[in-house]
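[1] starting from these lines, generate the structure:
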Amino acid sequence: MEEHKEDLTRKRIIDVATKHFLDYGYKKVTMDEIADALGMSKKTLYQFFPSKYELFNAIADEKICTINNFINQIIESQDISFIDKVHAIIKCVSNEHHQMRPVALLDIQKSVPEIWKKIMDIQKEHIAVKFTLLMEIGKQQGYIKTEIPTDIITTVYSSAILTLLNPEVYNSLNRTPSECFQYAVKIIYEGILTDKGLQELKL
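    Alright, predicted model coming up:
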């Protein structure tokens with residue numbers, strides 16, 4: 001019972017702190033503010049997370065785990081078609097990034113570069129693995145051209161997505177992460193040529 005109570009408290013701390021970090025970045029948020037928002041003493045907060053760094057690191061791990069678990073469920077589901085899997089994953093990733101303010105993300109990138117690197121490295125690895133699985137499903141179901149090597153498709157996709165999800169990049173484009181992600185996926189799946197362009201390309 002006590003362990004369950006501690007788990008609930010830990011989750012509540014992470015939920016409240018996550019909103020603060022996504023709204024204000026890393027540097028501006030203090031443990032005092034998080035403790036006040038939780039209605040608990042700073043001493044109690046430190047019993048769960050000894051430092052702001054450890055708290056943020058736990059939040060990063062939790063976010064990564066949540067997204068990956070959801071994507072795994074979508075890919076492994078036998079009841080969802082390939083196209084619906086793609087739409088579900090786009091919606092999931094777009095919603096997650098839509099919650100993040102660009103200024104806050106830039107601050108996180110600069111203030112805790114080692115955690116940012118960990119997030120990007122894990123995303124890069126997981127995007128490659130998950131997208132490879134998704135492309136194989138698409139080929140098996142006749143949605144993806146089998147003559148195009150899956151590793152080439154995955155490399156192009158991963159590079160585009162990871163580049164566009166960089167705060168410096170989407171800020172320079174004056175776009176939100178969600179917009180960049182959706183346009184990148186649209187280009188990858190639909191291309192940029194009109195019917196006229198495709199007809200002339202085949203000549």
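[2] in the helix or strand encompassing Ile115, what counts as buried?
    Taking DSSP states H and E as the definition, Ile115 sits inside helix 113-140. Applying a neighbour-count criterion of 16 or more other C-beta atoms under 10 Å, one finds 115-116, 119, 122-123, 126-135, 137-139 buried in helix 113-140. C-betas here are computed from N, CA, C, even on glycine.
[3] what is the rounded mean pLDDT of that helix?
    Helix 113-140 comes out with an average pLDDT of 85.
[4] run the chain-centre distance for it.
    10 Å (C-alpha atoms, centre = their mean, to the nearest Å).
[5] same question for stretch 4-22.
    When distances are taken as C-alpha atoms, centre = their mean, stretch 4-22 is centred 19 Å away from the chain's centroid.
[6] pLDDT of it, averaged?
    Stretch 4-22 shows a mean pLDDT of 91.
[7] got it, and stretch 58-68?
    The predicted model assigns stretch 58-68 a mean pLDDT of 88.
[8] what sits up against it?
    Contacts of stretch 58-68 from elsewhere in the structure, counted by C-beta atoms under 8 Å, 6 or more residues apart in numbering, are 14, 17-18, 21, 49, 92-93, 96, 115, 118-119, 122-123, 126, 130.
[9] can we see that at 6 Å?
    Counting by C-beta atoms under 6 Å, 6 or more residues apart in numbering, the neighbours of stretch 58-68 from elsewhere in the structure are Ile14, Thr18, Ile115, Ile119, Ile122, His126.
[10] how about the fourth one, what does it touch?
    The neighbours of Ile119, taking C-beta under 6 Å, 6+ apart as the test, are Ala60.
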